[in-house]
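Undergrad: Quick one, fold the following:
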Amino acid sequence: MKLKIGDRVYLQKYEVAHILHKLNGFPGGILDETFSDDEDSLFFMNGLTDGFRFECIYKEPENVRWLMKQDWIVDYDEYAEMPLAELEAFQERLKAERSADIDEFNTKDEAYGEAHFDEESDRFDKLGHKIVSLGYLIKFRKGEVRCVFPDEYQSKTAISGASGATSTPQKKLGFFARLFGRGAQ
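TA: Numbers count the residues shown, from 1 in each chain. Reported below is the predicted structural model:
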């Protein structure tokens, strides 16, 4: 996911890993800012859960514009206050759309497939990535995963839990804590 704060864009680490691993055609400045000597841009990912940290900061105007145009990178603010059931339904519609598009592509003749494979594969990958990102957002909203937001981020949802989300999810109570009514405050 991405966050726009002032003239900066913050990306979660797993988004950066996806961009660097899967995509061609991103601005070279993305690499420069990701792997610069600036301590704000230090990139190190320690397991998947570390990937949910909004720690990759992009300040260069060209990079900010490019990142904000990438609609396949989920913009947290766009979905932060969407009701959970609506968000889940949206994710399901995207899954169905992607599946139908892949099925349609597979019915095309071989010449079409060869001519459009890279373009269509890229489109399917981006849509699949958006679906996965929405899934992580849904898990965050349910308190199943933790997202670490930048200190200066001021979102009603992240700060006050307006839609049930918190920057640190509620601890799930174990069997005995539930049984004896402990830990529920």
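
Undergrad: Please make it C-alpha for all contacts and neighbour counts, starting now.
TA: Will do.

Undergrad: Can you list the low-confidence ranges for the chain?
TA: For the chain, applying pLDDT under 70 flags the ranges 18, 20-53, 154-185.

Undergrad: That one: strands as residue ranges?
TA: Assigned by DSSP state E, the strands in the chain fall at 2-5, 8-12, 54-58.

Undergrad: I'd like the ones you listed written out as CSV, with mean neighbour count added.
TA: Listed next are the strands of the chain as CSV, based on neighbours: other Cα atoms under 10 Å:
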stretch, mean neighbour count
strand 2-5, 18
strand 8-12, 21
strand 54-58, 23
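
Undergrad: Can you check which of those gets nearest to Ile131?
TA: Ile131 lies closest to strand 2-5 among these, at 14.6 Å (Cα to Cα).

Undergrad: tell me what the closest one is packed against?
TA: The contact analysis (3 or more Cα pairs under 8 Å, 6 or more residues apart in numbering; DSSP states H and E) places strand 2-5 against strand 8-12, helix 76-79.

Undergrad: Show me which helix runs longest in this structure.
TA: Assignment by DSSP state H gives helix 110-141 as the longest helix of the chain.

Undergrad: Surely Val148 is in contact with Phe54?
TA: Yes - Val148 is in contact with Phe54 according to Cα atoms under 8 Å; the separation is 6.1 Å.

Undergrad: picking that back up, I'd like the helices and strands packed on strand 2-5 laid out as TSV, including distance to Glu60.
TA: Converted to TSV, these look like this (distance: least, Cα to Cα, whole Å):
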stretch	distance to Glu60
strand 8-12	8
helix 76-79	20
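
Undergrad: so which of these comes closest to Leu67?
TA: Per Cα to Cα, nearest to Leu67 of the helices and strands packed on strand 2-5: strand 8-12, 7.6 Å.

Undergrad: Fine by me, thanks again.
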